[in-house]
Every structure is written in C-alpha cells, then in structure tokens.
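> below are the sequence and a predicted model for it; my questions follow.
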Amino acid sequence: MNKIVKYKLNGKDVEAPEGRLVIEAAKDQGIEIPHYCYHPALGNPGNCRMCIVEVAGAPKPQVSCRTGVREGLEVKTDSDAVKRAQASALELHLVNHPLDCPVCDQSGECGLQDYYMKIGQYSSSVREDKEHKGKRIEAGPHVMLDQERCVLCTRCTRFVDNVTKTHELGIFGMGHNERVEVTPGMTLDNAYSGNVVDICPVGALTDRDFRYKVRVWYLDKTDSICPGCSRGCNISVHANTQRPWHNDGKRVARLKPRVNMDINGHWICDDGRYGFSSLDSDRLGKVLRLSPERAELSWFDAAHEVAAKLKDSSIAVVASGMLSNEDWAAYKALFVDALKVQGHYFTAEPDQLGEEDALLRRKEKVPNLKGAEALGLKSGSFDELKKNLEAGKVKTLYVIERDLTKIWGDKAAGLLAKADMTILQGPNKYALGDSFTYRLPATAYVEEEGHFTNFEGKVQAYKKALAPIGHARPDWDIFALLKKAVIQPAAKVAA
C-alpha cells in the first residue's frame, strides 16, 4: 500500500494514500466531483473534462481523474474558476444533446440533468442548429442506442474492449460527426451487454426491456442476491409497486448490479439481469388438495393431512438449489431428523446446468447448493430416483421448486404417476402442476429474506422486496409447520 500523505482539500488538511486519484480521494472525504468518462472499473481517459479542479501552482485547472495526491498538494473543487470550467465543459456536452428529457428513460438518474441543475443553469451561447445523429438504433437484443444523447465518454467502448473483450462498439467519425456505433458486421449480444446501460451516464444506451415501462422515481429498490447461478452476484431489485398499472402490471421492473469487489465487481450477466421475467407468471397462491377431489385447504388442515401421510410412506424429496440457508436447515429438521428420509435429490443435473465463463457466470444455475452441503446433506442421482419410481419403491414424491419436465422430459408425467402421493411446493405451477396430489404455495426469493452460500462458501444476505402472493409462505416456514404436525399431530398448528 502506498504511504499516507497530507494535502489540502478546499482549505482543509486531509490525508490519502500517495498517488490516489484526486477524484477518488475527494470522494473519500464526501466530496463528489462531477464526471462522465471516469469509472473505477474502466479507467480514466480524461476526455469529458467535467472533473476539473484547481491545483495550487498549476498554470490552469486540472482534471482530477488524472491527478494523483502527493505531499503538500493543495486542491480546490468549489472555487469560482472550477465552477466556470465545469459549466463550460457541460455546455459543450449539451451543444448537440436533444431536449427530450420527458421521454427519455434515463430521466431521473441522468448525469446531464443532475449536473445542469447543480453547476449549469446558464444562458446558452450557442446559436447554431444541433447536429442530428442516429436514434432508436437496435444495438443488440437488450440495448437501444440513441447517438444524439451520447456525450462520448467512451465507457461503453472501454467495457466491450477491456472487460468482455468482444469489441461490438466503437467511436467512429471526427469532430461533430464523431459518434458511438455498433461495429460493422457485429451485434451487441455478448453475455454482459446490459452493463453498458448501467455505465452510460446519460440516455444514449437504454434497456429495451425497460423502455417506457415505468419512471425510475416510482421504483422501490431493495438489496438482494442474484439467484441465477452459484456466483451470488450482488443486485438491487427495482420493484414497481407505487403504480402497479405501469410495467405491464409486473411487480419487478428491472434488476441492477450492486458493487461487491469480492464477488461480482461492478457487473452482472444478462442471464441474471433478465431472469425475472417469469417471476409473477403461473404463480401458486392457494393451498390445494387436487385429488381425489379438488379442495382449497387452510395451512393447518393441509399440514396435518400431509404430515399424517408422510409418516407412513417411503419418501423421496426432489429439492432445488434455490432454497436459502434457513430453508435448508428447516428441510433437514423435517425430512432428515423427523421423517428419517433417505432419498434426497437436489444435485444441479441436468436441468440446472448451463454455460459458464471466466468473468462471472457459473455452470450451476442455482444459488445455494453449498448451503445444503454445509449441513451435510447429500444428493442422489436422478437416474437412481427414476429407477426407484419405476420399481414402485417410492410411495410419496415431494417436489420443492423443481420442474420435473426439465429433468425427465416427456417421461416426467409417467414417472410422477408412479407415486401414490405427490406434493409440489414452490412459487410456480410448472408444466405438471395439475398432476400433483397437493400444492403448497411458497414465496419467491424477492418475497422473503434469507441467506445464500455461493460456490466459494461466502454467505450473503438478501432482503424482502415484495409481499407474498396469496397464501404463499417461506419454505422454511412450511417445513416447520409440517414438522410440528409430524411430531404433535393433535396439537393446534398456527395457520
């Protein structure tokens, strides 16, 4: 680590590591210096000229993203000269920028808007017409490009050049004709393309999935963990609850990455970013017995009916790596400790495996198989379960948040019919949802709080972003309810 040196910041004596960029050292002191091109994960080309500061002894203002702290340095971020320089740089960025804030999805979280209100509000000195460029360009399956809104900060091109190394974007032309374009013959369709929307400080790159759905100031934001794979990327769930008639009625409007340098850095993959689309579809909200006759039950009645049958049956449990650490602990208490079940099947094959890469994506497309392993739970193979079902050795099949058609394909329905009693527990109905004996509605991860353990053994918390649908309860709560009914069948169980 570099040695600590003393310097002056706006007349105040402060300390920072020698060589730390002034823009970063100032932020450490709670001072945000305006900037566009600088990004902590993408470098500091110094081309936007917004982060101007006044440095004692320097002949002219300096860019803080290229100036390092040194002993005795004197820096001013709020002088009149600095404000004039920043306002002038901002005016140049706005010379050709369209005045379309009312219809721009970036409105409400736009660097141009924010800085204009803080350091702009000038009378324009420009009388010429604006330079018109391309609009509504489909850069890729997830990203829309508006060249007129671009401030040429080059964050997006540096991302595809230095992070994904896929080179789908570039800066083309010169002078007023300079613009961001999709590289000829290419499409912005890499596995991390949505990140260019996050790092764009203006509305030049917008999310095609989110465009014109809901204004950002109506979104509720909750810290969470991406359940898309075993990496455990830190995310923020942006929920649409204040105006439910927006966003086509969907409660989750978008997912955004949260910075965690030990897990995902600044990024998330597109699989995780757009994996919430089916969150509210085909949801289970009622506690149901489907056979021999269909009936809606209370949790109390369902717990005692199911518990009575579980105690006298040979059971196999198909579980999901979506279960939290709290769920796995309650799972073990019910199925291992109370019911002495031998057949547990939660391995991530074959329906929960997918592509992985050297950046973030992991092959296991569930977040918490490590949580089960930490409790000593071991999984059998689905081939073994198939043989046991075909041989009639399994009388009760308990399925927790798994789609059997993704495991066994067309044979799933026939195998399900081999068991005398079947139970589906989870948020979604899935293809065979009407073929079970009982359906127990469980909460989705955004409707509960808990912890996931990622592939490296790091335990991370996620928070509740939305209310449960219908009578859904967390999986751990359902397991605890059943365990109480198993141990004390005559006792009243809180519903």
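Happy to help now that I have it. Numbers count the residues shown, from 1 in each chain.

> how is the chain partitioned into domains?
If you go by automatic domain parsing, the domain ranges for the chain are 4-94, 128-273, 288-487.

> after the least confident helix or strand in the chain by mean pLDDT, next one along is what?
Lowest mean confidence among the helices and strands of the chain (mean pLDDT, DSSP states H and E): helix 111-119, at a mean of 84. Of the helices and strands lying after helix 111-119 in sequence (DSSP states H and E), the nearest is strand 137-138.

> so what strands line up beside that next one?
Sheet pairing of strand 137-138 (DSSP bridges) gives strand 143-145 (antiparallel).

> list the buried residues in the strand it pairs with.
Across strand 143-145, burial judged by 16 or more other C-beta atoms under 10 Å covers 143-145. For every residue, glycine as well, the C-beta is placed using N, CA and C.

> which residues sit in contact with the most centrally placed residue in the chain?
For the chain, the residue nearest the mean C-alpha position is Ile235 (3.8 Å; C-alpha atoms, centre = their mean). Residues counted as contacts of Ile235 (C-beta atoms under 8 Å, 6 or more residues apart in numbering) are 223-226, 255-258, 268, 272.

> pretty sure Phe335 sits against Val317.
Yes - under the criterion of C-beta atoms under 8 Å, Phe335 makes contact with Val317 at 5.6 Å.

> re the thing from before, make JSON lines out of the contacts of Ile235 and add distance to Lys370.
Shown next, in JSON lines, are those (distance: C-beta to C-beta, whole Å):
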{"residue": "Asp223", "distance to Lys370": "20"}
{"residue": "Ser224", "distance to Lys370": "18"}
{"residue": "Ile225", "distance to Lys370": "13"}
{"residue": "Cys226", "distance to Lys370": "15"}
{"residue": "Leu255", "distance to Lys370": "22"}
{"residue": "Lys256", "distance to Lys370": "25"}
{"residue": "Pro257", "distance to Lys370": "21"}
{"residue": "Arg258", "distance to Lys370": "21"}
{"residue": "Ile268", "distance to Lys370": "19"}
{"residue": "Gly272", "distance to Lys370": "17"}
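
> those into CSV, with extra columns for distance to Asp434 and secondary structure?
As requested, these are exported to CSV (distance: C-beta to C-beta, whole Å; DSSP: H, G, I helix; E, B strand; the rest coil):
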residue, distance to Asp434, secondary structure
Asp223, 36, strand
Ser224, 31, strand
Ile225, 32, strand
Cys226, 31, coil
Leu255, 31, strand
Lys256, 36, strand
Pro257, 38, strand
Arg258, 39, coil
Ile268, 35, coil
Gly272, 30, helix
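
> can you say which of those residues are buried?
224-226, 255-258, 268, 272.

> ok, so of these, who is nearest Glu15?
For the buried ones among the contacts of Ile235, the closest approach to Glu15 (C-beta to C-beta) belongs to Arg258, at 28.4 Å.

> mind checking how far the closest one is from His142?
Separation of Arg258 from His142 (C-beta to C-beta, to the nearest Å): 19 Å.

> average model confidence for the helix or strand that the residue nearest to the centre of the chain is a member of?
Per DSSP H and E, Ile235 falls inside strand 234-239. Strand 234-239 comes out with an average pLDDT of 98.

> from the chain's centre, how far out does it sit?
On the basis of C-alpha atoms, centre = their mean, to the nearest Å, strand 234-239 sits 5 Å off its chain's mean C-alpha point.

> residues in contact with stretch 446-454?
222, 224-225, 227, 230-232, 237, 239, 252, 263, 276, 279, 324-327, 367-368, 370-371, 374, 427, 459-469, 472, 474, 476.

> can you select the buried ones from the residues you listed in PyMOL?
Buried residues within the contacts of stretch 446-454, by 16+ other C-beta under 10 Å, are selected in PyMOL with:
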select buried, resi 222+224+225+227+230+231+232+237+239+252+263+276+279+324+325+326+327+367+368+370+371+427+460+462+464+465+466+468+469+472+474+476
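
> which stretches of the stretch 251-400 of the chain form strands?
Secondary structure of the stretch 251-400 of the chain (DSSP state E, counting those that start in this stretch): strands at 252-257, 288-289, 295-296, 315-318, 343-345, 396-400.

> now distance to Ala358 and mean pLDDT too, for those strands, in a markdown table please.
Output for the strands of the stretch 251-400 of the chain, formatted as a markdown table (distance: least, C-beta to C-beta, whole Å; pLDDT from 0 to 100):
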| stretch | distance to Ala358 | mean pLDDT |
| --- | --- | --- |
| strand 252-257 | 18 | 97 |
| strand 288-289 | 45 | 97 |
| strand 295-296 | 50 | 96 |
| strand 315-318 | 32 | 97 |
| strand 343-345 | 31 | 96 |
| strand 396-400 | 32 | 97 |
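
> with distance to Cys110 added, can I get those in a markdown table?
Shown next, in a markdown table, are the strands of the stretch 251-400 of the chain (distance: least, C-beta to C-beta, whole Å):
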| stretch | distance to Cys110 |
| --- | --- |
| strand 252-257 | 15 |
| strand 288-289 | 48 |
| strand 295-296 | 49 |
| strand 315-318 | 47 |
| strand 343-345 | 49 |
| strand 396-400 | 44 |
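
> and the least confident helix or strand of the chain, what other elements does it pack with?
Helix 111-119 sits against helix 80-94, with contacts defined as 3 or more C-beta pairs under 8 Å, 6 or more residues apart in numbering; DSSP states H and E.

> list the contacts for Gly228?
Gly228 touches 269, 271-272, 275, 365, 367, counting by C-beta under 8 Å, 6+ apart.

> let's go with 7 Å and repeat that
Applying C-beta atoms under 7 Å, 6 or more residues apart in numbering to Gly228 gives the contacts 271-272, 275, 365.

> skipping adjacent residues, who's closest to it in space?
In this structure, Gly228 finds its nearest non-sequential neighbour in Gly272, 3.6 Å apart by C-beta to C-beta, 6 or more residues apart in numbering.

> am I right that the one you found is in contact with Cys226?
Yes - with contacts counted by C-beta atoms under 7 Å, Gly272 reaches Cys226, the gap being 4.1 Å.

> common neighbours of those two, please.
Joint contacts of Gly272 and Cys226 (C-beta under 7 Å, 6+ apart) are Cys233.

> thinking again about what came up before, ok, so of the buried residues of strand 143-145, who is nearest Pro489?
The closest of the buried residues of strand 143-145 to Pro489 turns out to be Val143 (C-beta to C-beta; 57.0 Å).

> which two from the buried ones among the contacts of Ile235 end up farthest apart in space?
Using C-beta to C-beta, these span at most 13.1 Å, a distance reached by Ile225 and Lys256.

> of all the domains of the chain, which lies closest to Asp105?
Nearest to Asp105, of all the domains of the chain, is domain 128-273, at 4.7 Å by C-beta to C-beta.

> so what's Lys12 bridging to?
Using DSSP bridges, the bridge partners assigned to Lys12 are Leu9.

> and it, how many neighbours?
By other C-beta atoms under 10 Å, the residues close to Lys12 number 9.

> please renumber the chain so that the first residue is 2 from this point on.
With 2 as the first residue, the last one maps to Lys13.
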